[in-house]
Structure formats: structure tokens, C-alpha cells
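**Student:** give the three-dimensional model of this entry:
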Amino acid sequence: MLWVGTSWKMNGTRASSRTYVEALKQADHSAWDGVQAFIIPPATVLAEVSELLGPDSDVLLGAQNAHWADAGAWTGEVSVPQVADAGAQLVEVGHSERRANFGDTDEVVNKKVRAIIGHGLRPVLCVGESQEVFDAGDSVKFITDQADSALQGVDPSSVVLAYEPIWAIGEHGREPQRDDLLRAFDALQSRYGDAVTAVIYGGSANPGNARELLGIPGVEGLFIGRAAWTGPGYVQMLGIAGEVARAHQG
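**Tutor:** Numbers count the residues shown, from 1 in each chain. Now for the predicted structure:
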């Protein structure tokens, strides 16, 4: 099973969310047999997207963040029980933007992972190194240290582990080459492959490189950014992943 999802980041309104979900519902879902689809919209539309998808949807729904505490005086935060109540089945955690801009240290990420798993939701755990770490040849140690810290004291079987090198994500990220990713995925699969749900890749994934990325040994799915910020764009990526999944089965 390939896991293919997208986080909308701080994009999307109620109106655009309805348009997005309508494109998903009208698509031929058999085109992505062998793929577990998931979308992670902003918290402001989480409940509405859940209702639009419906209880029998084959597309999982996630939240972009959740606090480790169940409730309390945490102004501006949302808890795992709250996002679950809004319909979330997944929670993204450890993204480099959260680490850099909002102080999500390794300790904080671990606390969030514990809370997410403790409430029966699935973490989408992001790890990734900077360009400087990559250039120094320290990528493997850096990302495995991040994952070790985040998974400390938990059963990781429900975790989707997403390798997202910082140098490849965002509007100005550079498209990775096959050799850039081989060592990272060999290390992540050797260390966690038998323990986690899937190890997936995120960073400048698009229709032009999706097949190549999914053909890299150890890559079990994609976490997509702007290429999937429209419903038709995401449907296209799911279709490509479905073709790859069927080829693997054949």
C-alpha cells in the first residue's frame, strides 16, 4: 500500500474546500487502488471537510498540528481530542516549519506523538535536514536522531514517517535527485521499516517526477505540497501512484 497525501498548509477557505472535495468525490477512485489517500487541511475547515467527505470516504483526514495536552489554558492551540472531534484521523507533527518557526523541539514533537497515539490517531511524523547538514554529509544521523527522539517510548506501528529534506520543500525547494534520497531511505527503512506503517517522501513532488520518486527503493508513498493544492492536481497525483501500485502488484 502506498500512502499519498497532501497538507494544504495555511491555504484554503470553506468555499475552496468544498470545490476541492467535490473534485475528489467525482473522480474515479478505482484509479488509485493500492493507494491510501489522505488530506490535511487547515483547522478552520477540518470539520466541514470531514462532513463533505462523509463517514465512508476512502480518503483519510488529518490535522496540521495538535497540542500534547487534552485541554487547558493554551490560547490559540487545539488539542488531539478537539481535532478528533472535528473528524481528524491523522495529525501531522514535526514539520520543519513548526520546528523552525514555532519552537517545536524534539522533546515537544515526542510529547505530541505520545498524545496523538494515546488518543488512537495516527501521527504523520516529519523528519528532514537543512541544506547545510546535507552538504556536510550528516543527513542520515540527523534524520534518524530526529525520528529516534520523536518515537521514544511509543509503539510506532501507527506512524507514517515522512522524510522531508528542508532543501527540497517549499516554493524555492530544489527537485531531489535519485542519489540524494537513496541513502536516506535505506537508513530509514533499515531502522524503522518493519516498525512503522510506511516511510514516505515529501519535497517538490509533482506529476513530472512522481513515478521516479515512487520507484526509489524504500519510498512507500508521497507527501505532496503545492502540486496537490487543487482537487484535480491531487487526483492526478493519486492516479499516478495508483499506476505505480498496480505495476508493483503485477
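**Student:** what's opposite the closest residue to residue 158 other than its chain neighbours in the beta bridge?
**Tutor:** Closest residue in space to residue 158, ignoring its immediate chain neighbours: residue 122 at 4.8 Å, by CB to CB, 6 or more residues apart in numbering. Placement of C-beta: from N, CA and C, glycine included. The residues listed as beta-bridge partners of residue 122 by DSSP bridges are residue 90.
**Student:** return the residues in contact with residue 122.
**Tutor:** Contacts for residue 122 were tallied using CB atoms under 8 Å, 6 or more residues apart in numbering; they are 60, 89, 90, 91, 116, 158, 159, 160, 197.
**Student:** can I get those residues in JSON lines including neighbour count and distance to residue 181?
**Tutor:** Converted to JSON lines, those look like this (neighbours: other CB atoms under 10 Å; distance: CB to CB, whole Å):
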{"residue": "60", "neighbour count": "19", "distance to residue 181": "25"}
{"residue": "89", "neighbour count": "16", "distance to residue 181": "28"}
{"residue": "90", "neighbour count": "23", "distance to residue 181": "23"}
{"residue": "91", "neighbour count": "26", "distance to residue 181": "25"}
{"residue": "116", "neighbour count": "28", "distance to residue 181": "26"}
{"residue": "158", "neighbour count": "16", "distance to residue 181": "24"}
{"residue": "159", "neighbour count": "25", "distance to residue 181": "20"}
{"residue": "160", "neighbour count": "25", "distance to residue 181": "17"}
{"residue": "197", "neighbour count": "19", "distance to residue 181": "19"}
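**Student:** how about the residue of the chain most remote from its centre, secondary structure?
**Tutor:** Computed with CA atoms, centre = their mean, the maximum C-alpha offset from the centroid of the chain is found at residue 73, amounting to 28.3 Å. Under DSSP: H, G, I helix; E, B strand; the rest coil, the three-state class of residue 73 is coil.
**Student:** longest helix anywhere in this structure?
**Tutor:** Counting residues, the longest helix found in the chain (DSSP state H) is helix 231-249.
**Student:** for that one, enumerate the helices and strands it packs against.
**Tutor:** strand 2-7, helix 14-26, strand 35-40, helix 210-214, strand 221-224 (3 or more CB pairs under 8 Å, 6 or more residues apart in numbering; DSSP states H and E).
**Student:** list the buried ones in that helix?
**Tutor:** 231, 233-245 (16 or more other CB atoms under 10 Å).
**Student:** once you drop chain neighbours, what's closest to residue 47?
**Tutor:** Among residues not flanking residue 47 along the chain, residue 86 sits closest, at 4.2 Å (CB to CB, 6+ apart).
**Student:** what does residue 74 give?
**Tutor:** Using CB to CB, 6+ apart and skipping residues adjacent in sequence, the residue nearest residue 74 is residue 67, 5.4 Å away.
**Student:** ramachandran angles for that neighbour?
**Tutor:** Comment: the main-chain dihedrals of residue 67 come out as phi -80, psi 160, following degrees, to the nearest 10.
**Student:** check residue 68 too.
**Tutor:** phi -80, psi -20.
**Student:** for it, give me its contacts.
**Tutor:** For residue 68, the residues meeting the contact criterion (CB under 8 Å, 6+ apart) are 80, 108, 111, 112, 114, 115.
**Student:** burial of the fourth one, as a residue count?
**Tutor:** What it means is residue 112. Using other CB atoms under 10 Å, residue 112 is surrounded by 24 other residues.
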